[in-house]
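Asks: next comes the sequence, and after it the predicted model I'd like to discuss.
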Protein chains: 2
Amino acid sequence: VDKTHEQKALARQQQLTKPPGSLGQLENLAVKIASLQASEIPDLTHVHITVYAADHGVMAEGVSAFPQSVTAAMVRNFANGGAAISVLAQELMAKLDVINVGTVEALEEILGVLDKRIDAGTANFCQSSAMTEQQCQQALLIGRDNVFSDIENTQLYIAGEMGIGNTTAATALASVLLACDPTDLVGPGTGLDQQGVQHKLNVIRRALEQHTTQLDKDALTVLQTLGGFEIAAMAGAYLTCAKQGIPVLIDGFISTVAALIAEKIQASCKDWFIYSHQSAEPGHQVVLGALNAEPLLKLDMRLGEGSGAAVAVPLLRQACLLHNGMATFEQANISKGDK
Amino acid sequence: VDKTHEQKALARQQQLTKPPGSLGQLENLAVKIASLQASEIPDLTHVHITVYAADHGVMAEGVSAFPQSVTAAMVRNFANGGAAISVLAQELMAKLDVINVGTVEALEEILGVLDKRIDAGTANFCQSSAMTEQQCQQALLIGRDNVFSDIENTQLYIAGEMGIGNTTAATALASVLLACDPTDLVGPGTGLDQQGVQHKLNVIRRALEQHTTQLDKDALTVLQTLGGFEIAAMAGAYLTCAKQGIPVLIDGFISTVAALIAEKIQASCKDWFIYSHQSAEPGHQVVLGALNAEPLLKLDMRLGEGSGAAVAVPLLRQACLLHNGMATFEQANISKGDK
């Protein structure tokens, strides 16, 4: 992260025709993006959004309000332009990739979907590790490769996810990585009732007991044991963005858990993450807190797909436009006041 | 407000390819705008933003961190495209009007500024009423006329303000209209230090004691006694929008106090108001609470000019686009789940 450009951007913010600090978080955003891009003219015209879709073996335990077939159906919907992220990406003129990293059933060839299916969903982590070591590496590389696929054009990267059952995996992962009780994190996901949430909690507890030894190891092993293909792919993408100097806009609960994994693997990558929103899923607030993340929006969204991040993109763009386009006091011939 | 379209929009939200409720406040926004526009396709392409600028006699008491000349300088800056609201309005492809309702000095003719100067600023409300009854009516009509000036094209109206000293006027107004102690509302405005805030509080207390009899009367009399030309113009615009069926996006503290005045004059207009953000000015939260308003953003902005409302426009537009553009479960051939 470039301290010279950070200082220049801070100095410019003090010169713009407004009371210092009066654009609040928009000022911080502009300074942060200027510093991450090492540019005096921060610019987020080119946004790369990738939705990673995969199924979860733990669905055998009945942990979601939706049937597993919805994952594949939504992959088609992303490609057809009917999903929330499709609508938002089009509006933002963002590049939208959809990657099948592991739906239960193999899908027909779909225009606009990259078939990188690792397996027929992960294994049920109540019985064995969700992924083999090789599968986990494969998923991380899919994320890495996706970042590289358009790296020259990407000014901001967003990873979204789709995977029926994946709040169960994310909750289990965060419980282990934050060393907290799953009760503090577990929530309704796409719409479980109270009884469903209790069952989900029991399933997670069983998995944590099952894998005690494995879960005492490094973050990568924890990811392999409890994660999903899409979560690993997101973590791989995040790590690559940080290494390659591309700012990342983090989405909701699943996305934040993937960011947590990335930070556990490589602490310095946190500098590259901007947290877009706090979702309605109760665990999200806890994980954001642990990461010292200050999300921009709190709109009770809980959809995933990268939708919350996409909704925040205009704020980031406005922050840049104001930074670049406003007149300075000198240009406007205005006295700066006399506090 | 159209209940049929509200019901239709609610039903559509349940059919879109997402877990019900998962778009959070964006769903409420889409339903609200559909209902206000009595349309199945809510649309906010055409936004009309008007900045009302005026000076305040109470500046004789030394209540701001900035000199009074800044009001006029900023009027020029609005028109020249260098101010925050100019940059934002351009990005939103919004119509931007700038109206001088009463700077201390008469201004040269400025391209892009409507000269509707009522007087050389208001009177110092520590000595007399800020406005005469006629001046207050004149200001209300300026707002009304501005709404009518482009009413066929306006799908959303935003009023912004510029007036050095106007948080003092707004704080005094809100204290009276909410019957609360000014201590609970007073804040730094554009950047007073603690001592400055204490002095501002004393000035407001003096004004409230000075006008005890007047301030016991209706909201219009309170407005005339303590308000500013720009605040009255905003209230006039808000009342007209509500009467003419145009949704209004309310900006920050001053703007919310103008909305409070409009609601006190005509309670039913509250249906037409959407609150964009909660500013850093401490009184804003109190006034929003009294209005049962739930602001969309909380970004510590405190600039005025309509800037906070402008920053929230993309959220409203995204809410509409998602409502109109997402596929239904039936269209995407997706099972709705089996809670």
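Replies: Ah, there it is.
Asks: only C-alpha atoms for contact and neighbour calcs from this point on.
Replies: Will do.
Asks: which non-adjacent residue is nearest the residue of the stretch 101-250 of chain A found nearest chain B?
Replies: For the stretch 101-250 of chain A, the residue closest to chain B is A:Thr190, as judged by Cα to the nearest Cα, at 5.7 Å. Sequence neighbours aside, B:Pro19 is the residue nearest to A:Thr190 in space, at 5.7 Å (criterion: Cα to Cα, 6 or more residues apart in numbering or on different chains).
Asks: local confidence estimate at that neighbour?
Replies: Listed pLDDT for B:Pro19 reads 95.
Asks: now do A:Leu96
Replies: pLDDT, read off for A:Leu96, is 98.
Asks: for A:Lys336, same thing?
Replies: 66.
Asks: is it correct that the residue nearest to A:Thr190 falls within a helix?
Replies: No: using DSSP: H, G, I helix; E, B strand; the rest coil, the secondary structure at B:Pro19 is coil, not a helix.
Asks: count of neighbours near it?
Replies: 19 (other Cα atoms under 10 Å in any protein chain shown).
Asks: can I assume it is in contact with A:Gly191?
Replies: Yes: in this structure, B:Pro19 is within contact of A:Gly191 by Cα atoms under 8 Å, at 7.0 Å.
Asks: got a list of what A:Met93 touches?
Replies: A:His46, A:Val47 (Cα atoms under 8 Å, 6 or more residues apart in numbering or on different chains).
Asks: compute the first-to-last residue distance for stretch A:77-89.
Replies: Taking Cα to Cα, to the nearest Å, stretch A:77-89 runs 13 Å from one end to the other.
Asks: now check it, is it near chain B?
Replies: Yes: residues of stretch A:77-89 are located near chain B by Cα under 8 Å from any Cα of the partner chain, namely A:Asn77, A:Gly81, A:Gly82, A:Ala83, A:Ala84, A:Val87, A:Leu88.
Asks: doesn't A:Lys32 belong to a helix?
Replies: Yes: under three-state DSSP, A:Lys32 sits within a helix.
Asks: what's the nearest residue to it if we skip its chain neighbours?
Replies: A:Lys32 sits nearest to A:Glu6 (Cα to Cα, 6+ apart), 6.9 Å away.
Asks: for the residues of stretch A:77-89 next to chain B, give me JSON lines that also has pLDDT.
Replies: Below are the residues of stretch A:77-89 next to chain B laid out as JSON lines (pLDDT from 0 to 100):
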{"residue": "A:Asn77", "pLDDT": "98"}
{"residue": "A:Gly81", "pLDDT": "97"}
{"residue": "A:Gly82", "pLDDT": "98"}
{"residue": "A:Ala83", "pLDDT": "98"}
{"residue": "A:Ala84", "pLDDT": "98"}
{"residue": "A:Val87", "pLDDT": "98"}
{"residue": "A:Leu88", "pLDDT": "98"}
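Asks: now for those: which two are most distant?
Replies: By the measure Cα to Cα, A:Asn77 and A:Leu88 form the most distant pair in these, at 13.5 Å.
Asks: can you tell me the helix or strand for the residue nearest the centre of chain A?
Replies: What sits nearest the mean C-alpha location of chain A, by Cα atoms, centre = their mean, is A:Ser255, with 3.0 Å. Per DSSP states H and E: A:Ser255 is located in helix A:253-265.
Asks: go on, A:Asn28?
Replies: Counting by DSSP H and E, A:Asn28 is found in helix A:25-36.
Asks: could you give the mean pLDDT of that helix?
Replies: Here helix A:25-36 scores 98 as its mean pLDDT.
Asks: all helices for the stretch 201-339 of chain A, in order.
Replies: With DSSP state H, counting those that start in this stretch applied, the stretch 201-339 of chain A shows helices at A:219-226, A:229-244, A:253-265, A:282-290, A:307-325, A:329-332, listed in chain order.
Asks: can the last one be found next to chain B?
Replies: Put plainly, it is helix A:329-332. Yes: Helix A:329-332 lies within reach of chain B by Cα under 8 Å from any Cα, at A:Ala332.
Asks: thanks a lot, catch you later.
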